[in-house]
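Participant: 3D, please:
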Amino acid sequence: MTNKILIYQVFTRLYGNRNTTRKEWGTIEENGSGKFNDFTAAELKKIKDMGISHIWFTGVIRHATQTDYSQYGIPTQHPAVVKGRAGSPYAICDYYDVDPDLAVNVDKRMQEFEALIARTHKAGLKVIMDFVPNHVARQYQSIAKPEGVVDLGADDNTEEGFNPQNNFYYCPGQRFDPYFDLRESNGGLTKDLPPYVEEPAKSTGNDHFDANPGINDWYETVKLNYGVDYWTHYGHFDPIPDTWNKMTDILLFWAKKGVDGFRCDMTEMVPAAFWAWATDKVKFLYPQIVFIGEVYDPNQYRNYIGAGFDYLYDKVGMYDTMRNTICGNGSASFITGAWQSTDDIGSHMLYFLENHDEQRVASADFAGSAEKGIPGLVASVLMQANPFMLYAAEEYGERGMDKEGFSGKDGRTTIFDYWSIDTLCRADEGKLTEEEQYIYNTHKKVLQIARKEKAVDGVFYDLMYANPWSARFDNNKQFAFLRKQDNEVLLVVCNFNGNAVDIDVKIPQHAIEFLEIPEKKYTATDLLSGDKKAFTIKGDQSIDMEVPAYSARVWKFSYRRK
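Facilitator: This is a model prediction of the structure:
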């Protein structure tokens, strides 16, 4: 077993839901909701058997929703400041509580989540959950906070727009008054309700520091104050801002429950100084905890790694490059530049092809076919030793082309609505198409290679410099590299072409010397197809091979060590 981290992101509310009503703007009663208890021992084993090491349970912490749980003592939220019937999992309304939608017994919702943590660990998997540090729901109110904890904003001086000890930013003397009809924001569902009132207005989560956010702003959220004066761009970190202590205590609360890591939303919107302070305190008590950061500015990558992050999204870099290659909008040779740009921090970069923010590979807005994504999958998973993340149902080629409600037909699986995922439902019933079964089998093989083949823990050698464009190798459509550990070698060749190709792949003398591969004849096995091939490794000579359309070869060969 390798050390490769393979994360399976599940949108918890959707994953286990097998209600196929799928009514646009449907309620939880109409469309149903997945539950913590849907992750049975058998379900977790199936996930682990794919090769997965970590599960990211997305949307666990209680967030704003239009569903009424007041009978359980849970405060209702004004529907005009909730996106969708179910609400955004990133509009947190109680950091110390879990989403009641996910519980069979609402009164025992925390116990059900704690049991899920225990089941997941028993299955040999690790648990990742969201930490949403930058913003909260407009009507944040904790009912589950431990004794002695002061709620966010409870002691704020609301007459000051900025005070380093406030938890929020304010617009003194102004009422929250968006630049659009708030009551029409949910398809007209809230047009007959009394207006939402907030006075003084709080600043909006996406750094909108006035009382008038627009329809494209994160109007359902308010920005948390970590001591940064956004009018002067100066940080007031001495004394330590109150928000630092409160948010670190929240991290420690969940760490104590046994979670193994936090995926931190919009990491770069929170100062690196806070993260250095908080991650140090958490890791001192829980050294096994990993922090995964959503950072989009490559110029900030090293700042946040230095502040304690173990892994960062490589979105503006590897993801964008791989997407362009898959869609035929960029050359496969550009993949080399993508990994080289982060080579010094490569082990900290998290690769992915899908997540809840991005469009599905098979959607009409991305590649239009899951098969086209296969070479990108192979390259993203096997190229480096760093982590890879898979979004639930990606392995079946889910298209994400439903029109669910607040989330329109945009190639994404909704995070705002009550819904179920078509391919997950049909997979349970044994009703996948032949193509979907192929996509699943291929994903499973690639992930298992990453977890089982020790060369994936070893040295990476990019072969593209030795294989410029030629009649026998199209570096716009093929990407080739070597992986080696001890006496085992993988030669990986990815074909982004819609046609099978018969190509030559040159192995340069430097690769042979650098990797210390004996020059001789080998018999290799393609770990994807089971095909066998004999070839000779000799400096600056080529290996000819056929690579299927939208696929790859993962040739494994080994030699006796002296």
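
Participant: The nearest residue to residue 454 once chain neighbours are set aside pairs with what?
Facilitator: Distances taken as Cβ to Cβ, 6 or more residues apart in numbering put residue 485 closest to residue 454, at 4.5 Å, once the chain neighbours are dropped. For glycine as for every other residue, the C-beta is placed from the backbone atoms N, C-alpha and C. According to DSSP bridges, the partner residues bridging residue 485 are residue 488.

Participant: And residue 485, how close does it get to residue 122?
Facilitator: From residue 485 across to residue 122, the span is 30 Å (Cβ to Cβ, to the nearest Å).

Participant: Who has more neighbours out of the two?
Facilitator: Using other Cβ atoms under 10 Å as the criterion, residue 485 and residue 122 rank with residue 485 on top: 17 against 10.

Participant: That one: what's it in contact with?
Facilitator: Contacts for residue 485 (Cβ atoms under 8 Å, 6 or more residues apart in numbering) come out as 454-459.

Participant: And for the spatially most central residue of the chain, nearest residue in space, chain neighbours not counted?
Facilitator: What sits nearest the mean C-alpha location of the chain, by Cα atoms, centre = their mean, is residue 355, with 4.7 Å. Spatial nearest neighbour of residue 355, excluding adjacent residues (Cβ to Cβ, 6+ apart): residue 391 at 5.2 Å.

Participant: what's the longest helix in this structure?
Facilitator: The helix that spans the most residues within the chain, counting by DSSP state H, is helix 434-452.

Participant: Tell me which residues of it come out buried.
Facilitator: Going by neighbour count (16 or more other Cβ atoms under 10 Å), the buried part of helix 434-452 is 436, 439-440, 442-443, 445-451.

Participant: of all those residues, which comes closest to residue 234?
Facilitator: Of all those, residue 450 has the smallest distance to residue 234: 45.2 Å, by Cβ to Cβ.

Participant: so that closest one sits right up against residue 382, yeah?
Facilitator: Yes: using Cβ atoms under 8 Å, residue 450 is in contact with residue 382, at 6.1 Å.

Participant: intersection of neighbour lists for those two?
Facilitator: Among the neighbours of residue 450, those also in contact with residue 382 (Cβ under 8 Å, 6+ apart) are residue 456.

Participant: Can you get me a residue count around residue 499?
Facilitator: Counted with other Cβ under 10 Å, the neighbours of residue 499 add up to 9.

Participant: Could you find the closest non-adjacent residue to it?
Facilitator: Closest residue to residue 499 apart from its sequence neighbours, by Cβ to Cβ, 6+ apart: residue 549 at 5.3 Å.

Participant: May I have the phi/psi pair for that neighbour?
Facilitator: As for residue 549, its main-chain torsions (degrees, to the nearest 10) stand at phi -60, psi 140.

Participant: Ramachandran angles for residue 352?
Facilitator: Torsion angles, degrees, to the nearest 10, at residue 352: phi -160, psi 160.

Participant: I'd like the distance between it and residue 2.
Facilitator: Distance, residue 352 to residue 2, by Cβ to Cβ: 18 Å.

Participant: what's the nearest residue to residue 131 if we skip its chain neighbours?
Facilitator: residue 262 (4.2 Å).

Participant: Can you name every helix or strand that whichever strand or helix holds that neighbour contacts?
Facilitator: According to DSSP states H and E, residue 262 maps onto strand 261-264. With contacts taken as 3 or more Cβ pairs under 8 Å, 6 or more residues apart in numbering; DSSP states H and E, strand 261-264 sits against strand 54-58, strand 126-131, strand 290-293.

Participant: Tell me which stretches of the stretch 1-150 of the chain form helices.
Facilitator: With DSSP state H, counting those that start in this stretch as the criterion, the stretch 1-150 of the chain has helices at 12-15, 28-31, 41-49, 109-122.

Participant: Format those helices as CSV; extra columns: mean pLDDT and distance to residue 232.
Facilitator: As requested, the helices of the stretch 1-150 of the chain are exported to CSV (pLDDT from 0 to 100; distance: least, Cβ to Cβ, whole Å):
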stretch, mean pLDDT, distance to residue 232
helix 12-15, 98, 41
helix 28-31, 98, 45
helix 41-49, 98, 48
helix 109-122, 98, 42
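
Participant: Quick one: closest of those to residue 21.
Facilitator: Nearest to residue 21 among the helices of the stretch 1-150 of the chain is helix 28-31 (5.4 Å), distances taken as Cβ to Cβ.

Participant: low-confidence ranges in this protein?
Facilitator: Low-confidence segments of the chain, defined by pLDDT under 70: 562.
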